[in-house]
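**Student:** turn this into a model:
(chains A, B, C, D, E and F)
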Number of protein chains: 4
Amino acid sequence: MARPPLDEDRNAVARAERRRQILDAAKHVFAEGGYHGASIGAIIDRAAIARGTFYLYFESKEAVFGALLDRAMTDLRARIVHVETDAGAPPPEVQLLDGIARVLEYIVADRPLAAVLLGSTSTPDAEAAARLQSFYDEIRAVIARSLAKGEALGILRVTNPERTAAALLGLVRGIVEYCISHAAEVEGRIGEVTRELVDVALRGVLRR
Amino acid sequence: MARPPLDEDRNAVARAERRRQILDAAKHVFAEGGYHGASIGAIIDRAAIARGTFYLYFESKEAVFGALLDRAMTDLRARIVHVETDAGAPPPEVQLLDGIARVLEYIVADRPLAAVLLGSTSTPDAEAAARLQSFYDEIRAVIARSLAKGEALGILRVTNPERTAAALLGLVRGIVEYCISHAAEVEGRIGEVTRELVDVALRGVLRR
Amino acid sequence: MARPPLDEDRNAVARAERRRQILDAAKHVFAEGGYHGASIGAIIDRAAIARGTFYLYFESKEAVFGALLDRAMTDLRARIVHVETDAGAPPPEVQLLDGIARVLEYIVADRPLAAVLLGSTSTPDAEAAARLQSFYDEIRAVIARSLAKGEALGILRVTNPERTAAALLGLVRGIVEYCISHAAEVEGRIGEVTRELVDVALRGVLRR
Amino acid sequence: MARPPLDEDRNAVARAERRRQILDAAKHVFAEGGYHGASIGAIIDRAAIARGTFYLYFESKEAVFGALLDRAMTDLRARIVHVETDAGAPPPEVQLLDGIARVLEYIVADRPLAAVLLGSTSTPDAEAAARLQSFYDEIRAVIARSLAKGEALGILRVTNPERTAAALLGLVRGIVEYCISHAAEVEGRIGEVTRELVDVALRGVLRR
DNA sequence: AATGAATGAGGGTTCATTCAT
DNA sequence: CATGAATGAACCCTCATTCAT
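**Tutor:** Model prediction:
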């Protein structure tokens, strides 16, 4: 059923490639200075394209920003772990460690992306802000559900899942910020850092 | 020893009052949109003053922003608790609860301020960004020192104080964000929320 | 006929003194930066008076500038020499030397004033510009008349008096500029410089 | 070897043309009002371009002013005559007459330019002021060297070359000012005016 | 008479967006 | 499709002038 590659295909591929190139440039530019601090000029310089070309791929500044967030959120979502408690599944704690390590690795490997995700609280693009907001809400909900499940199974203490989830999400963000600003020290020791952080989350800092 | 109020006094008072009025307007404007998104025009509109008047009180946009951060940091610093472990002092856990509750109360009561403090990671004003950065560093250091002390006293588990401090600071920020976006539900229950959060930090979510 | 000094007198004296003080400050400020480059702020700083006080003495920025020019022009006019050719008068050349030396001394002694007089070609104050223009016209006319008289007496060559006057006025301005920018070297040797310049004007640079 | 005009060529030509158009507009605007009195608004109005367009061609107000001065100085420099005293060269006096006539013609033909050159002694743009200053210094130096050479050859009287050069430069400026403000009368008689002025410079006004 | 806080028009500059080539 | 010159609204800031005290 193979059909010869059409011009259209090649065009589509080239187009997608170009789009990615612009998105990457935009990521770096948004990373320093945030939404308002970024300028189309800086983006096209980095992407080495003409001013007009930018607008062939994105409707506006808001649009690139939105697309950037969407891409990052999609990538991250794919890495978020849903702990399985079925018989035969690995022990929950192991799953958690693996899952969080994967998220941390992804985000720490892409500092500009992390900067965008952590620093984009203030966007004039109401829609993008809402999307980011709802992304975090989503993560929080995942955590809250896991907490509730663990509670039901008698593994976890009884807490207010919503608030505890907020606290734990903040905890992860705190670690991400730390990893990003101490990249050198953390390099290659994400596993260890993850274990520490999961330990704090699970057992707290108090000595038993 | 009462002396009649002098013109100078009244002037100084009026000046300070005016300054506060501008700072408050600026706080709201910076809160939505961040540094770059804020405009002097928006600030003076909110403060109901003329363009030039603004510059009688602040040298520049950077200057208001800096002053805003400074005020907030001073207020917050005054509320940050240094846990005392002297004999006769209240139990550390109580001190901690009180201290954190005081911080939360202050910041949750002032949503715009919280927005500025939480969202100004990326500011073009290098100096202000540095100041905010070092403010967080300072808090992190306070936490790290407390952790180390607790460790030495055998109260706390052995962890990497720096990283754990980063995690705990993030945890607090997570709660602050939650409180701000769920202000209604949290209203008047800061104490309870604080207890939960301290519980998570001290004992983790795992059931013993 | 002496009468006791009245308050009004003292006031009038004080007022005049104050006015002079402002004019002096303005002179320095206008000297660097010209009319547009000068600011009321700079003037009142230099005069150590309040903003409003300035407007008690001068209607506007244009007004100080005009008053400044007027004062300078009056002073200069008083020094401009009209060569006398009556019998019994000193030889014309001596009169010329003395007169020009007096003008040079006055103006070189007051660099800021010279800067204002030489550099104020562009003023938005049409009236002031016209006044300065007509001041130079006046001087040119004095020179032209002297040339014509000298011609008639057979002392001077036959030239177009108007144009030659323009050239000689320029020549003097050239020397003034030189003296001002080489103040140190010229210090106390104005007489010598004057002689040179008069020599050039009278005899040219060509060797006989 | 003719090749079809490329887009690039046309672009470059169009760009240069546009630049010239802005420079000309700027010349007129700077001519009245000087550096400070000129506004970008006035320049773009005169050039009939949009605000932003201006900044595509010049970095700043300072930059246009500098470019304007540079262009004028280059043009003028090309017209400044260096009197040759080699055997076979035309008599020095003839060379001088020709050279000065060329300079006068150029500058009298462009009143706004003359206004800028004569009136920009006090510019806040330190660099532009310095450039203009050093331009005049350069001319003065040329004159001074010529005077020294003439002295050495026994053609000219012994004078202080520096000061005499300053006087002669002023003399020329005086004539330029005269020509500009009496354009009608001088029209087409630059040669005659030049002869007069050279006569005054060489022989003075005194009858032999 | 003297003050200085307040005003707002206007200055220089940037930048998201459009459109003819 | 790609380009980059052109646009003009909007930004931050200055400064001559006014006026209540």
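
**Student:** from what I can see A:Arg207 touches B:Arg157, true?
**Tutor:** Yes. Using CB atoms under 8 Å, A:Arg207 makes contact with B:Arg157 at a distance of 5.0 Å. Quick note: C-beta positions are derived from backbone N, CA and C, even for glycine.

**Student:** of those two, who's got more company?
**Tutor:** Taking other CB atoms under 10 Å in any protein chain shown, A:Arg207 and B:Arg157 do not tie; B:Arg157 has more neighbours (17 against 14).

**Student:** would you map the helices across chain A?
**Tutor:** Using DSSP state H, the helices of chain A run over residues A:7-31, A:34-37, A:40-47, A:51-57, A:61-79, A:92-108, A:111-119, A:126-152, A:161-181, A:183-186, A:190-203.

**Student:** save those helices as JSON lines, and put in mean neighbour count and distance to D:Ala38 too.
**Tutor:** Below are the helices of chain A laid out as JSON lines (neighbours: other CB atoms under 10 Å in any protein chain shown; distance: least, CB to CB, whole Å):
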{"stretch": "helix A:7-31", "mean neighbour count": "16", "distance to D:Ala38": "35"}
{"stretch": "helix A:34-37", "mean neighbour count": "22", "distance to D:Ala38": "32"}
{"stretch": "helix A:40-47", "mean neighbour count": "17", "distance to D:Ala38": "27"}
{"stretch": "helix A:51-57", "mean neighbour count": "14", "distance to D:Ala38": "30"}
{"stretch": "helix A:61-79", "mean neighbour count": "18", "distance to D:Ala38": "34"}
{"stretch": "helix A:92-108", "mean neighbour count": "18", "distance to D:Ala38": "53"}
{"stretch": "helix A:111-119", "mean neighbour count": "20", "distance to D:Ala38": "42"}
{"stretch": "helix A:126-152", "mean neighbour count": "17", "distance to D:Ala38": "43"}
{"stretch": "helix A:161-181", "mean neighbour count": "23", "distance to D:Ala38": "48"}
{"stretch": "helix A:183-186", "mean neighbour count": "12", "distance to D:Ala38": "51"}
{"stretch": "helix A:190-203", "mean neighbour count": "19", "distance to D:Ala38": "60"}
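
**Student:** now those helices in CSV, with mean pLDDT?
**Tutor:** Compiled in CSV, those are given as follows (pLDDT from 0 to 100):
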stretch, mean pLDDT
helix A:7-31, 87
helix A:34-37, 83
helix A:40-47, 95
helix A:51-57, 96
helix A:61-79, 88
helix A:92-108, 82
helix A:111-119, 84
helix A:126-152, 84
helix A:161-181, 90
helix A:183-186, 83
helix A:190-203, 87
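
**Student:** adding distance to C:Ala26, write the ones you listed out as TSV.
**Tutor:** TSV is the format used below for those (distance: least, CB to CB, whole Å):
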stretch	distance to C:Ala26
helix A:7-31	49
helix A:34-37	43
helix A:40-47	44
helix A:51-57	49
helix A:61-79	49
helix A:92-108	63
helix A:111-119	51
helix A:126-152	54
helix A:161-181	55
helix A:183-186	59
helix A:190-203	68
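
**Student:** nearest to B:Arg51, of those helices?
**Tutor:** Closest approach to B:Arg51 among the helices of chain A (CB to CB): helix A:34-37, 20.7 Å.

**Student:** from the chain's centroid, how far away is the closest one?
**Tutor:** Distance of helix A:34-37 from its chain centroid, counting by CA atoms, centre = their mean, to the nearest Å, is 19 Å.

**Student:** would you mind writing the CA trace of it as CSV?
**Tutor:** Provided in CSV are the C-alpha atoms of helix A:34-37 (Å, rounded to 0.1, in the frame of the first residue of the first chain):
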residue,chain,number,x,y,z
GLY,A,34,9.1,35.6,30.5
TYR,A,35,6.2,36.3,28.2
HIS,A,36,6.6,40.1,28.2
GLY,A,37,10.3,40.1,28.2
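
**Student:** that helix - contacts with which helices or strands?
**Tutor:** When contacts are defined as 3 or more CB pairs under 8 Å, 6 or more residues apart in numbering or on different chains; DSSP states H and E, helix A:34-37 sits against helix B:34-37.

**Student:** quick check: the gap between A:Glu192 and B:Ala165.
**Tutor:** Taking CB to CB, to the nearest Å as the measure, A:Glu192 and B:Ala165 are separated by 17 Å.

**Student:** my bad, should have said A:Pro92
**Tutor:** A:Pro92 sits 27 Å away from B:Ala165, going by CB to CB.

**Student:** A:Arg10 too?
**Tutor:** Separation of A:Arg10 from B:Ala165 (CB to CB): 53 Å.

**Student:** cool, A:Gly33 as well?
**Tutor:** Using CB to CB, A:Gly33 is found at 28 Å from B:Ala165.

**Student:** then A:Glu105?
**Tutor:** Plainly put, A:Glu105 is 22 Å away from B:Ala165 if you go by CB to CB.

**Student:** now swap in A:Ala126 and tell me
**Tutor:** Here the distance between A:Ala126 and B:Ala165 works out to 35 Å (CB to CB).

**Student:** before we move on, what about A:Leu197?
**Tutor:** According to CB to CB, A:Leu197 and B:Ala165 sit 12 Å apart.

**Student:** for the closest residue to A:Leu206 other than its chain neighbours, give me its contacts.
**Tutor:** Leaving aside its sequence neighbours, A:Leu206 sits nearest to B:Leu202 (CB to CB, 6 or more residues apart in numbering or on different chains; 4.4 Å). Counting by CB atoms under 8 Å, 6 or more residues apart in numbering or on different chains, B:Leu202 touches A:204-206, B:93.

**Student:** please redo it, this time with the cut-off set to 10 Å
**Tutor:** B:Leu202 makes contact with A:203-207, B:93, B:96, B:150, B:155-156, according to CB atoms under 10 Å, 6 or more residues apart in numbering or on different chains.

**Student:** how about A:Val29?
**Tutor:** A:37-47, A:64, A:68, A:112, A:116.

**Student:** out of these, who's nearest chain B?
**Tutor:** Distances from chain B to those, taken as CB to the nearest CB, are shortest for A:Gly37 (4.9 Å).

**Student:** if anything else comes up later, I'll come back, but that's it for now.
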